[in-house]
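Chemist: Dropping the sequence and predicted coords here.
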Amino acid sequence: MSTPSTAVPVHPAAPSATNTGMTPPPAQSARSRTTERVIGLLALVGTVCTVWLGLWVTPPDRTQGDLVRLVYVHPGVAWVALYLAFGLAAVSSILYLWPRTRSLFWDRLAAASVEVGVVFNICTLVSGSIWGKPTWGVWWAWDARLTLTAVLLVLFLGYLALRRIPAEPEVRARRSAFVALFAVLDVPLVHFSVNWWNTLHQGATVLNPGLTLKIHGSMAWTLLLGFVALTLVFVWMLLVRYRIGVLEDWLDANELDAAVAERQAEGATPAGGAGAGDPLGSGRDPGDGAPSERVGVA
Amino acid sequence: MWRDAALVAGKDLRIEARSRVALTQVAPFGIVALALFAFALGPDRATMARGAPGLFWVAVLFCTVLAVQRSVSVESADGARDGLRLSGLDPAGLFLGKSVAVGAQLVVLQAVLAVGVVLLYGARIQVPWMIVVSCALGTVGLAVTGTLYGALSSGLRVRETLLPLLLLPIVAPVLLAGTRIWQAAMTGGTPSDGSQWLRLLVLFDAVYVAVGVVLFGSIQETA
């Protein structure tokens, strides 16, 4: 028999949680755990292969030299951050607002997507800056696409700041979905305005109108693999973040119950089990004046 | 809807007429902002005149944040927000009314700031109608988005810090468009220089007015 320790917080699997009649945490099904692991493994393998191909196998560029190797990273993270993450967050926020598809699933998916998207967005800006300094001569230029990326990052950060405010899950979900919707509506407007404002960035390499690759051979394949690998990394992070989101919501709902149960268990322990069944913890040291006083009042 | 809008706008403007917060606090703040920009850019009037369009709009944005905060805070005391919701007013009318009240205050503020820019920075306006149109369209966009975000953040204790973070990036197109139109109006450029920006402002206004009219009722429920 294990001795109960007060230092350990109530673990979802701790027997005390079930003894006090608390809702057990939502368990992850075996299938989703396997999916998560397989995708994680594929993402790892893909990333390692991209690094190997990008750094050792592919040739340096005629004009840019080794700098061109950033092409295997930068467009990939930008694709994840600007299209995949933001797009997914937009779609799931709208699906949450749509009465027929309203479910906390979409809310959590949007939240996870934005949070992972912020990481990729920052990676986009950092890798772009590293590339920009030697090629354009500046860390940052007020180019249309850079500006749009920065505005998106700020919009994302506002969304996350709003989510951090404690609220009922439904209220928070609805509020966040509205903010996401307003931001999505703003994106085309910002896009047009910054485009007219300034354009310096090169045209799209892969997603250009004709969908023809402007680079060839091993470089193209490495670039493609990089896109796939980064997408897998995104999906894996999304799954993990979603699972954490579910557990966080469970903790928010049950944290107080768990704390109360823990305190009661604490009070019951010194009595050596005599009063362990009493939820009011009357098995306390009889020498303590407080309980008897309280009884007297009652 | 229109009658409700007029009622709400009238109520907010009456509160403003009696409390004079916008006139005695927000407008002077705008002047302070103009003075600070001047200190930051140095005493060279040519630099200031060049920067005048952007500085005007940045000052307007800051004032918008303050005006919206005020518009929200008049509802936050004494359960006024719940009273409004219980009053049976059409949410769309409520949205338009609040927006009109904020917009009316912004028009006065912009007039003050425009005079300030002309006097303090020596900005020369060649095509006045472009200035007027850009200010009118910009006011609609700022008032409408401000009211939307004000309603979203109205119940939050961290409203003061959250509202600027959410609102200011959203209105970036208004800043860009307004600044470009002002630049065209000051250099005496042809109206076609500003026309695409005017269209952008119209689009911005249309999108957020439509969103507000349709969704304001359910946005209120989140507070």
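Modeler: Sure, I can see it.
Chemist: Quick one: name the residues of chain B near chain A.
Modeler: B:145, B:148-149, B:152, B:156, B:158, B:162, B:165-166, B:169-170, B:172-173, B:176-177, B:180, B:196-197, B:200, B:203-204, B:207-208, B:211, B:215, B:218-219, B:221-222 (Cβ under 8 Å from any Cβ of the partner chain). C-beta here means a position set from N, CA and C on the backbone, and glycine is covered the same way.
Chemist: Buried ones among those residues?
Modeler: B:145, B:148-149, B:152, B:156, B:162, B:165-166, B:169-170, B:172-173, B:176-177, B:180, B:197, B:200, B:203-204, B:207-208, B:211, B:215, B:219, B:222 (16 or more other Cβ atoms under 10 Å in any protein chain shown).
Chemist: can you tell me which of those are in helices?
Modeler: B:145, B:148-149, B:152, B:162, B:165-166, B:169-170, B:172-173, B:176-177, B:180, B:197, B:200, B:203-204, B:207-208, B:211, B:215, B:219 (DSSP state H).
Chemist: Show me the shaky parts of the chain.
Modeler: Because you didn't say which chain, this covers chain A. By pLDDT under 70, the low-scoring segments of chain A are A:1-22, A:199-216, A:270-298.
Chemist: try chain B instead
Modeler: In the predicted model of chain B, residues B:189-193, B:223 satisfy pLDDT under 70.
Chemist: Could you name the helices and strands sitting against the helix or strand encompassing B:F56?
Modeler: Per DSSP states H and E: B:F56 is located in helix B:45-76. Here helix B:45-76 touches helix B:2-19, helix B:27-41, helix B:80-86, helix B:91-121, helix B:128-152, helix B:159-170, helix B:172-187, going by 3 or more Cβ pairs under 8 Å, 6 or more residues apart in numbering or on different chains; DSSP states H and E.
Chemist: closest one to A:D186 among these?
Modeler: helix B:159-170 (5.0 Å; Cβ to Cβ).
Chemist: mind checking how far whichever strand or helix holds A:W250 is from the chain centre?
Modeler: A:W250 is part of helix A:217-268 when elements are defined by DSSP H and E. Centroid separation for helix A:217-268 versus its chain: 7 Å, with Cα atoms, centre = their mean, to the nearest Å.
Chemist: tell me what it is packed against?
Modeler: Here helix A:217-268 touches helix A:15-19, helix A:30-52, helix A:74-78, helix A:104-136, going by 3+ Cβ pairs under 8 Å, 6+ apart.
Chemist: Give me the angle between that helix and helix A:30-52.
Modeler: 140 degrees (axes from the mean of the first three to the mean of the last three Cα atoms, to 10 degrees).
Chemist: most remote residue from chain B's center?
Modeler: In terms of distance from the mean C-alpha position of chain B, B:D44 ranks first, at 29.1 Å (Cα atoms, centre = their mean).
Chemist: if I look at that residue, how far off is chain A?
Modeler: For B:D44, the distance to chain A equals 23 Å [Cβ to the nearest Cβ, to the nearest Å].
Chemist: any idea how far that residue lies from B:Y121?
Modeler: Note on B:D44: its distance to B:Y121, by Cβ to Cβ, to the nearest Å, is 11 Å.
Chemist: Could you do A:G46 as well?
Modeler: A:G46 is 56 Å from B:Y121, where distance means Cβ to Cβ.
Chemist: okay, those two: which has more neighbours?
Modeler: The neighbour comparison of A:G46 against B:Y121 (other Cβ atoms under 10 Å in any protein chain shown) goes to B:Y121, with 23 against 19.
Chemist: tell me the contacts of the more buried one?
Modeler: Neighbouring residues of B:Y121 by Cβ atoms under 8 Å, 6 or more residues apart in numbering or on different chains: B:34, B:38, B:45, B:48-49, B:51-52, B:55.
Chemist: The residue lying closest to B:A33 once chain neighbours are set aside: how many residues sit nearby?
Modeler: In space, and not counting its chain neighbours, B:A33 is closest to B:A59: 4.4 Å by Cβ to Cβ, 6 or more residues apart in numbering or on different chains. By other Cβ under 10 Å, 24 other residues sit near B:A59.
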